[in-house]
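Engineer: Model the following, please.
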Amino acid sequence: MGTDFTPEQKRYLEGFASGVAATRAIGGLAGGAPAASPRPAAAEYTGPEAAALRAMARTEAEGRKLVNEEKAKREELGLDSYARMKQHAREGVFPKGIDVFRWKFHGLFYVAPTQDSFMCRLRIPNGILKHWQFAGVADIAATHGGGYSDVTTRANLQIREIPATDGPAVLEALIGLGLTSRGSGADNIRNVTGSPTAGIDPQELLDTRPYALEWHHHILADRSLYGLPRKFNVAFDGGGRIGALEDTNDIGFQAVEVRAGGNVEPGIWFRLVLGGITGHLDLARDTGVIVRPEDATRVADAVVRVFIDNGDRTDRRKARLKYVLDAWGFEKFLAAVEDRLGAKLTRVPAEAVAPRPEVDRLAHIGVYPQKQPGLNWIGVVLPVGRMTVEQMRGLARIARDLGDGDLRLTVWQNLVLSGVADENVGLVEAAAEAIGLSTRATAIRAGLVACTGAAGCKFGNADTKATAEAIARHCEARVAIDLPVNIHVTGCHHSCAQHYIGDIGLVGARVPVNEEGSTVAGYHVVVGGGFGSDGHIGRELWRDVTAEDAPARVEHLLKAWLAHRADATETLAGFTRRFEPEALRALVEDVAE
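Structural biologist: Got it, this is the predicted structure:
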């Protein structure tokens, strides 16, 4: 082969050789994990992971022991495991040991022993997809999964029953649709939620879509925002009729109207709330800080980086933002955020902020007029969040042919079709019925939320979706409810279905049935939870209710409420809060007898 190269060709070869050398230095062309090397001193860390590595080093210097997940991130961040994932797929094997954790950085969850398969969780900013993306996800679920998908409580989608050979194929097919699952699991910033009726809601103060999308791309583009001390949730609520449950997030941005006459420009701002994690008995708290919407990403970034520096890396149970806030107090934490920003945050007294519009707890089901004249959104009931691929394709076609092409997922595990002309409302309702779905629901089913539970999660102590369906069928036939009711059924203490904010919340437990220690699936039951302006953490009413007995127990509680409420407007949550648990149990027992 000739060696007389042009100057441009010589420069190409020089660059090529340098690139090969660099690739070998970081782990070789085969994509393996980097060779072990002496660990640098904390001050010497550089690159995107420097802040996290320095935090790990400080922890060890203080004589504290890192948890295994922290050691794993230091050895090989999950983002760098893709080549090994591909090799596993070629060999048809699932990950083992700490690699199960690393794979989650790419949104792949090995869910054994409940299912010997992967679950893939997507990222869908503000929960909105185009019809062709939705149909594309259906095709992926049909080709590589179990033929269905689940809507999550973060307005997201999961594909389940993915074999060992197909994990990377799913990830790459998603990218082909303009979607991704990067960072949707492990110690990362999770799917960005927003108001599901953003941009179409007559009540809203602000369209959350551009702000959720900006934060979404900010996360994806910055490697230093991966490998946090623990997972992290951010939500934007624009003040529309359907709530985004932003007060259950680590960071919540609430659209508010700031009144004239204060020390800041009046208009629509975001109010900053921090520290929500209902599984740990806390809703996000108002910081007194307001943020210009265009500054939301910059402020969220600063909050996350303070958390990276100071979150607990020795105890997974205490490695959330709430515990930094509990230890420091809000003022110390906000001062650290200001140091990171290089600017003061804007604070206003509570009276400078107008009351926010109230949510409509049923507005995610049925037909509602949009701010655009002649158009409507229609909420479709998805039984405990599950759709077959045939139903997904049908919904995509309805959105394409009779709506504006968008499908909007909600935190209530259903979806909204938007842009439906007045004259097509009846046709959309009939088309939904034709694929086995409905745009109407009883108050019980409209507020029913259930996580995957024992049928698909190793932490689940009970089959939550089956129990939720059993509760709905049992109670709909026996109790006529005239006010909204939220019933949340979650499988374990991780509280993916957020049982503590339900009017009735059930958390999975193994219930002892004899002295020999045998157990059956069951629940502990809490009551009186709430969100938004009625934010409240529920309190325990019963322990160890078997799954078989749960529907009747819920029925009797609902009947006790209807029989003893103060008036026809008293909510179930308000009723249960009026009584001490012992007195409330007595009322329910009277009804049962």
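Engineer: contacts, neighbours, all on C-alpha from now
Structural biologist: OK.
Engineer: residue contacts, Glu593?
Structural biologist: By CA atoms under 8 Å, 6 or more residues apart in numbering, the contact list for Glu593 is empty.
Engineer: could you redo the last one with a cut-off of 10 Å?
Structural biologist: Taking CA atoms under 10 Å, 6 or more residues apart in numbering, we find Glu593 in contact with His556.
Engineer: what pLDDT does it get?
Structural biologist: At Glu593, the model reports a pLDDT of 85.
Engineer: measure it to Glu429 for me?
Structural biologist: As judged by CA to CA, to the nearest Å, Glu593 and Glu429 stand 42 Å apart.
Engineer: Shouldn't Leu362 be within a helix?
Structural biologist: No: under DSSP: H, G, I helix; E, B strand; the rest coil, Leu362 sits outside any helix and is assigned coil.
Engineer: Could you count how many residues lie near it?
Structural biologist: 18 (other CA atoms under 10 Å).
Engineer: list the contacts for it?
Structural biologist: 241-242, 379, 441-443, 446-447, 483-485.
Engineer: Let me have those in CSV, extended by distance to Ala186.
Structural biologist: Shown next, in CSV, are the contacts of Leu362 (distance: CA to CA, whole Å):
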residue, distance to Ala186
Arg241, 32
Ile242, 29
Gly379, 31
Ala441, 35
Thr442, 36
Ala443, 35
Ala446, 31
Gly447, 29
Leu483, 38
Pro484, 35
Val485, 33
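Engineer: List only buried entries from those residues.
Structural biologist: 241-242, 379, 442-443, 446-447, 484-485 (16 or more other CA atoms under 10 Å).
Engineer: Helices - which of those land there?
Structural biologist: Taking DSSP state H, the ones among those that sit in helices are 443, 446.
Engineer: Pick out the most distant pair among the buried ones among the contacts of Leu362.
Structural biologist: The largest separation in the buried ones among the contacts of Leu362, counting by CA to CA, is between Arg241 and Thr442 at 18.6 Å.
Engineer: Provide the strand pairings for the strand or helix carrying Arg408, with the direction of each partner.
Structural biologist: Using DSSP states H and E, Arg408 maps to strand 406-409. Partners of strand 406-409 in the sheet, by DSSP bridges, are strand 128-130 (antiparallel), strand 415-421 (antiparallel).
Engineer: So which of these is the most surrounded?
Structural biologist: Most buried of the strands paired with strand 406-409, by mean neighbour count (mean count of other CA atoms under 10 Å): strand 415-421, with a mean of 25.
Engineer: I'd like the distance from that one to the chain centre, please.
Structural biologist: Computed by CA atoms, centre = their mean, to the nearest Å, the chain-centroid distance of strand 415-421 equals 23 Å.
Engineer: List the buried residues in whichever helix or strand comes after it.
Structural biologist: Where DSSP H and E defines the elements, the next helix or strand beyond strand 415-421 is helix 425-434. Within helix 425-434, the residues scored as buried using 16+ other CA under 10 Å are 425, 428-429, 431-432.
Engineer: Strands of the stretch 151-300 of the chain, start to end?
Structural biologist: 157-162, 234-237, 251-258, 267-274, 285-291 (DSSP state E, counting those that start in this stretch).
Engineer: Can you mark which positions in the fourth one are buried?
Structural biologist: Put plainly, it is strand 267-274. Residues of strand 267-274 classed as buried under the neighbour-count rule (16+ other CA under 10 Å) are 268-274.
Engineer: Next: the last one.
Structural biologist: Within strand 285-291, the residues that count as buried by 16+ other CA under 10 Å are 285-287, 289-291.
Engineer: Quick check: which helices or strands does the helix or strand hosting Leu506 pack against?
Structural biologist: For Leu506, the element it lies in under DSSP H and E is strand 504-512. With contacts taken as 3 or more CA pairs under 10 Å, 6 or more residues apart in numbering; DSSP states H and E, strand 504-512 sits against strand 448-450, helix 464-476, strand 487-490, strand 519-527, strand 539-546, helix 550-564, helix 572-577.
Engineer: Dump that strand to CSV, restricted to CA.
Structural biologist: What follows is strand 504-512, C-alpha atoms only, in CSV (Å, rounded to 0.1, in the frame of the first residue of the first chain):
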residue,chain,number,x,y,z
ILE,A,504,-57.1,5.2,51.7
GLY,A,505,-53.6,3.8,51.3
LEU,A,506,-52.7,0.1,51.4
VAL,A,507,-49.0,-0.9,51.7
GLY,A,508,-48.1,-4.5,51.1
ALA,A,509,-47.1,-6.8,54.0
ARG,A,510,-46.8,-10.5,54.8
VAL,A,511,-49.6,-11.2,57.2
PRO,A,512,-49.1,-14.1,59.7
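Engineer: Within its sheet, name the partner strands of that strand and how each one runs.
Structural biologist: When sheet partners are counted by DSSP bridges, strand 504-512 sits next to strand 487-490 (parallel), strand 519-527 (antiparallel).
Engineer: Return the most buried member of those.
Structural biologist: Compared across those, strand 487-490 shows the largest average neighbour count, a mean of 31 (mean count of other CA under 10 Å).
Engineer: from the middle of its chain, how far away would that one be?
Structural biologist: On CA atoms, centre = their mean, the centre of strand 487-490 falls 15 Å from that of its chain.
Engineer: next one: stretch 232-239
Structural biologist: That offset, for stretch 232-239, works out to 10 Å (CA atoms, centre = their mean).
Engineer: Ok, stretch 155-174 next?
Structural biologist: For stretch 155-174, the distance to the chain centre is 18 Å (CA atoms, centre = their mean).
Engineer: Residue ranges in the stretch 1-150 of the chain under the pLDDT threshold?
Structural biologist: For the stretch 1-150 of the chain, the stretches with pLDDT under 70 are 1-43.
Engineer: where do the strands sit along it?
Structural biologist: So, for the stretch 1-150 of the chain - with DSSP E, counting those that start in this stretch - the strands run 108-110, 118-121, 128-130, 148-151.
Engineer: Looking at those strands, which one is packed in the most?
Structural biologist: strand 108-110 (a mean of 28).
Engineer: May I have the residues that are in contact with the residue nearest to Ile481 when sequence neighbours are not counted?
Structural biologist: Residue nearest to Ile481 in three dimensions, not counting chain neighbours: Ala443, with 6.3 Å by CA to CA, 6 or more residues apart in numbering. Ala443 is in contact with 361-362, 365, 472, 476, 480-486, counting by CA under 10 Å, 6+ apart.
Engineer: what do you get for Ala462?
Structural biologist: With CA under 10 Å, 6+ apart, Ala462 has these contacts: 452-455, 489-492, 507-510, 520-523, 546-547.
Engineer: do that again at 8 Å, thanks
Structural biologist: Residues in contact with Ala462 (CA under 8 Å, 6+ apart) are 453-455, 491, 508-510, 521-523, 547.
Engineer: That one should be in a strand, yeah?
Structural biologist: No: going by three-state DSSP, the assignment for Ala462 is coil, not a strand.
Engineer: On the pLDDT front, check it for me.
Structural biologist: 95.
Engineer: Distance check, it against Gly502.
Structural biologist: Note on Ala462: its distance to Gly502, by CA to CA, is 18 Å.
Engineer: And for Arg241?
Structural biologist: Counting by CA to CA, the gap from Arg241 to Gly502 is 18 Å.
Engineer: low-scoring stretches of the stretch 201-350 of the chain, by residue?
Structural biologist: Within the stretch 201-350 of the chain, the set of residues satisfying pLDDT under 70 is empty.
Engineer: Go again with 80.
Structural biologist: 262 (pLDDT under 80).
Engineer: and the strands of the stretch 151-300 of the chain as JSON lines, adding distance to Glu515?
Structural biologist: As requested, the strands of the stretch 151-300 of the chain are exported to JSON lines (distance: least, CA to CA, whole Å):
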{"stretch": "strand 157-162", "distance to Glu515": "37"}
{"stretch": "strand 234-237", "distance to Glu515": "46"}
{"stretch": "strand 251-258", "distance to Glu515": "46"}
{"stretch": "strand 267-274", "distance to Glu515": "45"}
{"stretch": "strand 285-291", "distance to Glu515": "44"}
